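>>> Turn this into a model:
(chains A and B)
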Amino acid sequence: MKHLALLIVGLWALAISSCKRDSDAPKNSFTPYDIQIPKRFPPMEVPTYNAMSVERVALGRKLYYDPILSNDGRACASCHYQNMGFTSDNFPVTPVLPHVNLGWSKHFLWKGEKTCSLEDMMMYEVNEFFQTDINKLNADKTYRDLFFKAYNVQNITSLNVAYALAQFFRTLNSGNSKFDQYRRGEAVLTPNERNGMITFFTEKGDCFHCHNEIFLTDNDFHNTGLDSTFSSISKGRYDVTGEVSDMGKYKTPTLRNCELRDRFMHDGRYTTLEQVIEFYNSGVHQNSPNIDPLMTLPFKETGLHLTQQDKDDLLSFLKTLTDTNFTTNPDLSKP
Amino acid sequence: MVIRFSFFLFTFFSILPGCKKTDEKETAWQVNISYQVDSSPLQMNRMMYMCEAGYDYEVTKLNYYVSHFVFSKNDGSQYESDKVFYVNAANPTTNSLLFENFPPGDYTAVDFYVGLDSSHNVTDGLAATLDNINMGWPDEMGGGYHFMKLEGHYKDANGTYGFAIHLGKNKHLVPIHLSRALTVSGGHSSPLNLTMNINEWFKNPAVYDFNTDGNYSMNNDTAMQKLCINGADIFN
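Got it, this is the predicted structure:
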């Protein structure tokens, strides 16, 4: 009888030990990752459910450049080139907004189609934009190992992919342009750049109300009078909210690294910064419905009246927003 | 023995006044702000209001700071808060101003500024937040922050135009004084409910006319000053 009892206890212990649960799997210790926040920038909110780690950032970076995300050979990097400030001239429908400083953004895409966290935005990219085939990732031993190291999972899900991408996006931060350095007292602007800066940050050019001096965007939506009527295809933020007052409004794009782009506005109608400046100087449609009140200042009724020198200086200033530390940072390049 | 007992009594009554009663502990207390145009609740982006000068108008944006709150009692004592609140009329969460450590008591008046006192109104004088960054007043125009951005459109007989009432610079603070009996206790206390009447910016004591005073206050100290004086009674 005593032997029978011992046998039962032994079998029970054996059965328990052979039941492998996920929590019993070997755990990895993550290496904390400190996001480099540029001076004068706000702290970046990182959700506790996706705490930053070196392993996760590295995984997100690999995914960003890997066409395994899609079923047609595209990766994020196919339309977002580092040397162009993570945007490009390669776009199928509308110009792509640059992937920069998005860790501080709540509204994504030109019309604000998504108002959410970076993680939720990446879920959209994985599930809807790329329609990522998770089976391909699970069939890849390298990715299985990397996801195990980063998220302690043995079965990769779209959620894991989205979280890893969000990690890398939080490292795509630009805040060390010549203008930033000037504001910090580390660089000197040329007289032309300084004149352009004054035009930008005073009512003369009145750029600053939508392009604040830290992010160079207010992360809001405006109708700047590009058109007097709106196409049936795109009516701007109205297409998202259904609010008549949102017709013709699009997200303010950041001007960081704008020198490196060759398509401007939501439909890419302009190909040079000179054309953009001239639009604001003399081309605003004052009769556009819902035009932003700031676009119809009394002295703007017939344009800004900038001289050629003013425009040249403004262009010089816009070029001081280029952050070569960002566009050449090896930590952000294809691994 | 008598000496020891006297010492005990002395010590006991010396300590007693220093002990705060439960209902005197600092408490969380709230001020709520809502918006009207005269007797109608404010609805953003609706051309349905009329200002004193006779123009139909709509409000598309109303962002501002309130700061330097001073709550006064009848005995002359005051509670002064150094909190600064950013308010976006379109964002309900910003319209509830929370004072985490408010001393209970019976108050008879509250004073505060629409805008920022000079110690905060300097570049980077406030914490770097998205809202504060968007309210920045560029160094090229003196630095600091916009105190208020009130924007919209209005109509006259000839057409529709934009307006932008932007206030800034230390001399354009808007002081608010409200006589109000307020009882704040250690337990649950009713919040102070304030209502901003948008039309009060445009009247009393002087009618503000977009066409003659300026539909844009930027670079227009005369317009800003007129708005500041009108603004003294925007809250009730």
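
>>> And the strands in the stretch 201-335 of chain A?
Using DSSP state E, counting those that start in this stretch, the strands assigned to the stretch 201-335 of chain A run over residues A:221-222, A:250-251.

>>> Out of those strands, which gets nearest to chain B?
strand A:221-222 (10.2 Å; CB to the nearest CB). No exception for glycine: its C-beta is placed from N, CA and C like everyone else's.

>>> how far out from the middle of the chain is that closest one?
17 Å (CA atoms, centre = their mean, to the nearest Å).

>>> Check stretch B:27-43 too.
That offset, for stretch B:27-43, works out to 11 Å (CA atoms, centre = their mean).

>>> of all the strands of the stretch 201-335 of chain A, which gets the most neighbours per residue?
Highest mean neighbour count of the strands of the stretch 201-335 of chain A: strand A:250-251, a mean of 23 (counted as mean count of other CB atoms under 10 Å in any protein chain shown).

>>> partners of it, with directions?
strand A:221-222 (antiparallel) (DSSP bridges).

>>> can you list the residues of the stretch 201-335 of chain A near chain B?
Within the stretch 201-335 of chain A, the positions near chain B by CB under 8 Å from any CB of the partner chain are A:201-203, A:208, A:212-215, A:218-220, A:243, A:245, A:291-298.

>>> Pull out the buried members of the residues you listed.
Neighbour counting by 16 or more other CB atoms under 10 Å in any protein chain shown classes A:201-203, A:208, A:212-215, A:218-220, A:245, A:291-297 among these as buried.

>>> can you list the weak-confidence ranges in chain B?
B:1-24 (pLDDT under 70).

>>> Near chain A, which residues of it? Just list them.
B:45, B:60-61, B:124, B:127-130, B:133-134, B:136, B:138-141, B:151-153, B:161-164, B:214-216, B:218-219.

>>> List the contacts of residue 46.
Looking at chain A here, since you left the chain open. A:35, A:52, A:103, A:170 (CB atoms under 8 Å, 6 or more residues apart in numbering or on different chains).

>>> my question was about chain B
residue B:58.

>>> backbone phi and psi for it, please?
phi -130, psi 120 (degrees, to the nearest 10).

>>> Return the members of the contacts of residue A:46 classed as buried.
Applying 16+ other CB under 10 Å to those flags A:52, A:103, A:170 as buried.

>>> Help me confirm that residue B:84 is found in a strand?
Yes - with DSSP: H, G, I helix; E, B strand; the rest coil as the criterion, residue B:84 is located in a strand.

>>> how many other residues sit next to it?
21 (other CB atoms under 10 Å in any protein chain shown).

>>> what's across from it in the sheet?
residue B:67.

>>> The residues of chain B next to chain A, buried ones only, as a PyMOL selection?
Here is the PyMOL selection string for the buried members of the residues of chain B next to chain A, based on 16+ other CB under 10 Å:
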select buried, chain B and resi 45+60+61+130+133+134+136+138+140+141+151+152+153+161+162+163+164+214+215+216+218
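
>>> Narrow the residues of chain B next to chain A to those in helices?
B:130, B:133, B:134 (DSSP state H).

>>> My understanding was that the first one contacts residue A:107; is that so?
No - the pair residue B:130 and residue A:107 does not pass the contact test of CB atoms under 8 Å, sitting 10.9 Å apart.

>>> what is in contact with the two at once?
Common neighbours of residue B:130 and residue A:107 (CB under 8 Å, 6+ apart) are residue A:219.

>>> picking up where we left off before, dump the buried ones among the contacts of residue A:46 into TSV; add pLDDT and secondary structure as well.
As requested, the buried ones among the contacts of residue A:46 are exported to TSV (pLDDT from 0 to 100; DSSP: H, G, I helix; E, B strand; the rest coil):
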residue	pLDDT	secondary structure
A:52	98	coil
A:103	98	helix
A:170	98	coil
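
>>> ok, and of those residues, which contact chain B?
Of these, not one also sits near chain B (CB under 8 Å from any CB).

>>> Show me how far the particular helix or strand that has residue A:59 in it is from its chain's centre.
Taking DSSP states H and E as the criterion, residue A:59 maps to helix A:54-64. Centroid displacement of helix A:54-64 relative to its chain, using CA atoms, centre = their mean, is 16 Å.

>>> measure residue B:39 to residue A:134 for me?
From residue B:39 across to residue A:134, the span is 58 Å (CB to CB, to the nearest Å).

>>> More neighbours: these two, which one.
residue A:134 (16 against 7).

>>> what's the more buried one sitting at in phi/psi?
Residue torsions, per degrees, to the nearest 10, at residue A:134 are phi -60, psi -30.

>>> Can you verify my assumption that it contacts residue A:158?
Yes - look at residue A:134 against residue A:158 with CB under 8 Å: they come within range, at 5.7 Å.

>>> Same list (the strands of the stretch 201-335 of chain A) but as TSV, adding mean pLDDT.
TSV is the format used below for these (pLDDT from 0 to 100):
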stretch	mean pLDDT
strand A:221-222	98
strand A:250-251	98
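
>>> Ok, which of the ones you listed comes nearest residue B:69?
Evaluated over the strands of the stretch 201-335 of chain A, closeness to residue B:69 peaks at strand A:221-222, with 33.0 Å, by CB to CB.

>>> Would you mind listing the outside residues contacting the closest one?
A:107, A:111-112, A:210, A:236-237, A:246, A:249-252, A:292, A:295.

>>> packing partners for the helix holding residue A:59?
helix A:141-151, helix A:158-169 (3 or more CB pairs under 8 Å, 6 or more residues apart in numbering or on different chains; DSSP states H and E).

>>> And the shortest one, what's buried?
Okay, so that is helix A:141-151. Buried residues in helix A:141-151 (16+ other CB under 10 Å): A:143, A:144, A:146, A:147, A:148, A:149, A:150, A:151.

>>> Please work out which residue of chain B is closest to chain A.
For chain B, CB to the nearest CB, closest residue to chain A: residue B:162, 3.0 Å.

>>> In contact with the residue nearest in space to the middle of chain B, which residues?
Central residue of chain B (CA atoms, centre = their mean): residue B:66, 3.4 Å from the mean position. By CB under 8 Å, 6+ apart, the contact set of residue B:66 is B:84, B:85, B:87, B:97, B:112, B:113, B:114, B:176.

>>> List the beta-bridge partners for residue B:35.
Counting by DSSP bridges, the residues bridging with residue B:35 are residue B:196.

>>> Is it correct that it is in contact with residue B:195?
Yes - Residue B:35 is within contact range of residue B:195, at 7.0 Å (criterion: CB under 8 Å).

>>> Among the two, which residue is more densely surrounded?
Legend: neighbour count by other CB under 10 Å for residue B:35 and residue B:195, higher for residue B:35 (20 against 14).

>>> That one: what's it in contact with?
So residue B:35 contacts B:41, B:42, B:62, B:89, B:195, B:196, B:198 (CB under 8 Å, 6+ apart).

>>> One more pass at 7 Å, please.
Going by CB atoms under 7 Å, 6 or more residues apart in numbering or on different chains, residue B:35 touches B:42, B:89, B:195, B:196, B:198.

>>> Taking the residues you listed together, which two end up most distant?
Of all pairs in the contacts of residue B:35, the most separated under CB to CB is B:89 and B:195 at 11.6 Å.
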